[in-house]
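Trainee: Model the structure of this input:
(4 chains)
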Protein chains: 2
Amino acid sequence: MNTATVSRALADSPLVKTDTKARIQALAQAHGFRPNQMARRLRAQRTGVIGVVVPLGHEKRQHLSDPFFMTMLGHLADALTENGYDIMLSRVIPDTADWLEAIIGSGMLDGVLLIGQSDQFEAIERAAAHYRPLVAWGSHWSGQRHCSVGTDNFAGGWLAGERLTAAGARRIAFLGEVRTPEIGQRHAGLCAALQAQGLPAPLQFDVHLASDVMEREISAHIAQAGEDIDGVFAASDVIAMTALRVLADRGKVVPDQVRVVGYDDIPLAAQTVPRLTTVRQDIATGAKAMVDALFARIAGEDAASVQMIPVLVRRDTA
Amino acid sequence: MNTATVSRALADSPLVKTDTKARIQALAQAHGFRPNQMARRLRAQRTGVIGVVVPLGHEKRQHLSDPFFMTMLGHLADALTENGYDIMLSRVIPDTADWLEAIIGSGMLDGVLLIGQSDQFEAIERAAAHYRPLVAWGSHWSGQRHCSVGTDNFAGGWLAGERLTAAGARRIAFLGEVRTPEIGQRHAGLCAALQAQGLPAPLQFDVHLASDVMEREISAHIAQAGEDIDGVFAASDVIAMTALRVLADRGKVVPDQVRVVGYDDIPLAAQTVPRLTTVRQDIATGAKAMVDALFARIAGEDAASVQMIPVLVRRDTA
DNA sequence: CGCCATATTGCAATCGTTTGTATGAAAGGC
DNA sequence: GCCTTTCATACAAACGATTGCAATATGGCG
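Mentor: Predicted coordinates:
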């Protein structure tokens, strides 16, 4: 009864006699013995762990709290757990140039999923050049080397612009930082839609995602923009919900005086008063696409990027 | 230049001559060599990984999406990352009796944090009997063996009851499942507060946390309760926000006709229209307490359970 | 009873590090 | 010039599993 036999018995190998196997399994059960996964995985050269990484390049104060990220994380967790993988969660502030290489090279992971590209496009491209099992949620740029899954943010911004103008808005504010590719494209889509209608370019205001400063910022922006504004396109639903709150404080009636469109369609977006009109990213489908692409790449196949079409969900704010 | 010297050089050991060290480090840099963490951790018998586990006993459909969990997870991630630990995230549906033992016995973890006890009190007690570095968020029962950090849910329920009655409510509905200890205690606190005022016991309605059914359920409950209801205590802020929405749909004015109190004080609670009155759990402090207790236990000390005092945050719904 | 085929079990190498100890080389004192 | 002390590097044993291959037990058959 040495380690080899025990190992085989617990793995239910046919090489071990049936009653020895039973005896060993009973003993293991009784003593609560479980094989050390660290050793097993070292030997197998396969860790069964997928890294789920949230890069916070521009938003050092953000606490993983955005409901969009979280819903995404929930779906990813479902899909990965179902396939027998564990999840290593990293909330990374990319202060060194090789943060992604450090994660990849640790030998702890069979694959990496990035939730959002932040402002780290270059770093991701660099890593993807020599590391295959890597899939990022976010924008797609023609010619990029890494595999990305996301919605067409430009189209989403365009949809929002169309709805706002159709609802009668003429002077529109965009709430969100345009430095990150995803949100920058939403902004660009909005600009294009307005231009197509012969309307002036939107005002643009930076908004930080940290909840304690967001309301103050939005409040200041809207005060500054003053009476001009009759439409708001928020870069995320959380921003839109806060904007709704600020507008209510200032006595503005939504959607009669100001129209509001959000982005993401998080579950709570349907529960605001009034209900939020927003551009929907299908998170469940997106998560599944990411996991599928990752598994294909782990298996050595060559999964291509996916760009999904966003849909406008028309409710009561525009 | 064998493995031993390389290992020491990369660890910046003083046993290696300075220029050899420099040469090795340069070479490692050039070839992008990084020590395999699996092997390192196996050897060190210390994984540097903390398991963050969300048991979903009663809520199989929940997708880790509750903002309270997520905010908590964000703070935990901050604190653990700061101390050099990695995070292994598990969303567990406890279908077998030894789910927690399986996690603990894997040899992959230096400690375990449970976010919520769900209905798994017994399983947690059993595991805590022989495994020290385990801390759970949730209720505290006198005589329990496992280390828990949480707020006094009974006191929180009492506070909500006090506020609702002070605001004029007489016939109160509780929205939430009372099977899990935490929410059960909130319900008990509410009942006690009402009884102290000589008021009848509240109505109680089960609500599932899955977003797609929640609105329908709450809508049905409120329709069923009919005109009787002039106060609502929701087991979480997300439930409260949905209740606000449902009440608006039915033309009920909050807080004049119906008073509403939530629980948690998630960031978005301050952004609803009208702003939500709620019982605050200080998530940041709670997360820090959990991590402190865990580190103490990892170090072999004996950290006691912590029960924090909830605070009523009075806004505009009650 | 002996031999061979087959069913079980044990040996030992391996995964990639870390670290105690031994060995070798350079340097310093007499 | 030789012996001792120090410094730098190499050797080898862990960590705890898995797995190819060798060794032994078992059984059937002549």
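Trainee: So which residues on chain A come close to DNA strand D?
Mentor: Within chain A, the positions lying close to DNA strand D (CB under 7 Å from any atom of the strand) are A:3-4, A:7-8, A:10-11, A:34-36, A:38-40, A:42-44. C-beta here means a position set from N, CA and C on the backbone, and glycine is covered the same way.
Trainee: Just the ones of those residues in helices?
Mentor: Among those, the residues falling in helices (DSSP state H) are A:3-4, A:7-8, A:10, A:38-40, A:42-44.
Trainee: Which stretches in the stretch 1-150 of chain A count as strands?
Mentor: A:49-55, A:86-92, A:111-115, A:134-137, A:147-151 (DSSP state E, counting those that start in this stretch).
Trainee: Strand partners (parallel or antiparallel) of the fourth one?
Mentor: Based on DSSP bridges, the pairing partners of strand A:134-137 within the sheet are strand A:111-115 (parallel), strand A:147-151 (parallel).
Trainee: Give me the mean pLDDT for it.
Mentor: The pLDDT scores in strand A:134-137 average 96.
Trainee: With the third one instead?
Mentor: The predicted model assigns strand A:111-115 a mean pLDDT of 96.
Trainee: what are the C-alpha coordinates of it, in CSV please?
Mentor: Taking Å, rounded to 0.1, in the frame of the first residue of the first chain, the C-alpha atoms of strand A:111-115 are listed here in CSV:
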residue,chain,number,x,y,z
GLY,A,111,-5.5,30.7,-19.3
VAL,A,112,-6.4,34.4,-18.8
LEU,A,113,-9.5,36.3,-19.2
LEU,A,114,-9.3,40.1,-19.1
ILE,A,115,-12.4,42.0,-18.1
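Trainee: A:Val260 contacts A:Ala234, correct?
Mentor: Yes - in this structure, A:Val260 is within contact of A:Ala234 by CB atoms under 8 Å, at 6.9 Å.
Trainee: So for the two, which residue has more residues nearby?
Mentor: Taking other CB atoms under 10 Å in any protein chain shown, A:Val260 and A:Ala234 do not tie; A:Val260 has more neighbours (31 against 28).
Trainee: JSON lines please, covering the strands of the stretch 1-150 of chain A and showing distance to B:Met88 and mean neighbour count.
Mentor: Converted to JSON lines, the strands of the stretch 1-150 of chain A look like this (distance: least, CB to CB, whole Å; neighbours: other CB atoms under 10 Å in any protein chain shown):
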{"stretch": "strand A:49-55", "distance to B:Met88": "8", "mean neighbour count": "24"}
{"stretch": "strand A:86-92", "distance to B:Met88": "6", "mean neighbour count": "20"}
{"stretch": "strand A:111-115", "distance to B:Met88": "15", "mean neighbour count": "25"}
{"stretch": "strand A:134-137", "distance to B:Met88": "20", "mean neighbour count": "26"}
{"stretch": "strand A:147-151", "distance to B:Met88": "24", "mean neighbour count": "25"}
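Trainee: Reformat those as TSV; add distance to B:Ile283.
Mentor: Shown next, in TSV, are the strands of the stretch 1-150 of chain A (distance: least, CB to CB, whole Å):
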stretch	distance to B:Ile283
strand A:49-55	18
strand A:86-92	16
strand A:111-115	21
strand A:134-137	26
strand A:147-151	30
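Trainee: Output those in TSV; the columns should cover distance to DNA strand C.
Mentor: Formatted as TSV, these follow (distance: least, CB to the nearest atom of the strand, whole Å):
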stretch	distance to DNA strand C
strand A:49-55	15
strand A:86-92	18
strand A:111-115	17
strand A:134-137	20
strand A:147-151	25
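Trainee: Just confirm A:Gln185 is within a strand.
Mentor: No - read with DSSP: H, G, I helix; E, B strand; the rest coil, A:Gln185 is helix and lies in no strand.
Trainee: Give me the distance between the residue nearest to it when sequence neighbours are not counted and B:Val258.
Mentor: Nearest residue to A:Gln185 in three dimensions, chain neighbours excluded: A:Asn153, at 3.7 Å (CB to CB, 6 or more residues apart in numbering or on different chains). Using CB to CB, to the nearest Å, we find A:Asn153 at a distance of 40 Å from B:Val258.
Trainee: which residue ranges form the strands in the stretch 151-300 of chain A?
Mentor: Using DSSP E, counting those that start in this stretch, strands in the stretch 151-300 of chain A cover A:172-175, A:203-205, A:231-234, A:259-264, A:277-280.
Trainee: Out of the ones you listed, which gets nearest to DNA strand C?
Mentor: Minimum separation from DNA strand C across these (CB to the nearest atom of the strand) falls at strand A:259-264, 40.9 Å.
Trainee: Centre of the chain to stretch A:115-129, how far?
Mentor: 14 Å (CA atoms, centre = their mean, to the nearest Å).
Trainee: Contacts for it next, please.
Mentor: Stretch A:115-129 has contacts (CB atoms under 8 Å, 6 or more residues apart in numbering or on different chains) with A:52-59, A:69, A:72-73, A:76, A:94, A:97, A:99-101, A:104, A:114, A:134, A:136-139, A:141, A:144-148, A:179-182.
Trainee: So which of these sit within helices?
Mentor: A:69, A:72-73, A:76, A:99-101, A:104, A:181-182.
Trainee: For those residues, give me JSON lines that also has distance to B:Asp228, pLDDT and neighbour count.
Mentor: As requested, the ones in helices among the contacts of stretch A:115-129 are exported to JSON lines (distance: CB to CB, whole Å; pLDDT from 0 to 100; neighbours: other CB atoms under 10 Å in any protein chain shown):
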{"residue": "A:Phe69", "distance to B:Asp228": "40", "pLDDT": "86", "neighbour count": "22"}
{"residue": "A:Met72", "distance to B:Asp228": "41", "pLDDT": "92", "neighbour count": "27"}
{"residue": "A:Leu73", "distance to B:Asp228": "40", "pLDDT": "91", "neighbour count": "26"}
{"residue": "A:Leu76", "distance to B:Asp228": "43", "pLDDT": "94", "neighbour count": "25"}
{"residue": "A:Trp99", "distance to B:Asp228": "58", "pLDDT": "94", "neighbour count": "19"}
{"residue": "A:Leu100", "distance to B:Asp228": "58", "pLDDT": "95", "neighbour count": "24"}
{"residue": "A:Glu101", "distance to B:Asp228": "63", "pLDDT": "95", "neighbour count": "17"}
{"residue": "A:Ile104", "distance to B:Asp228": "60", "pLDDT": "95", "neighbour count": "23"}
{"residue": "A:Pro181", "distance to B:Asp228": "53", "pLDDT": "87", "neighbour count": "22"}
{"residue": "A:Glu182", "distance to B:Asp228": "48", "pLDDT": "89", "neighbour count": "21"}
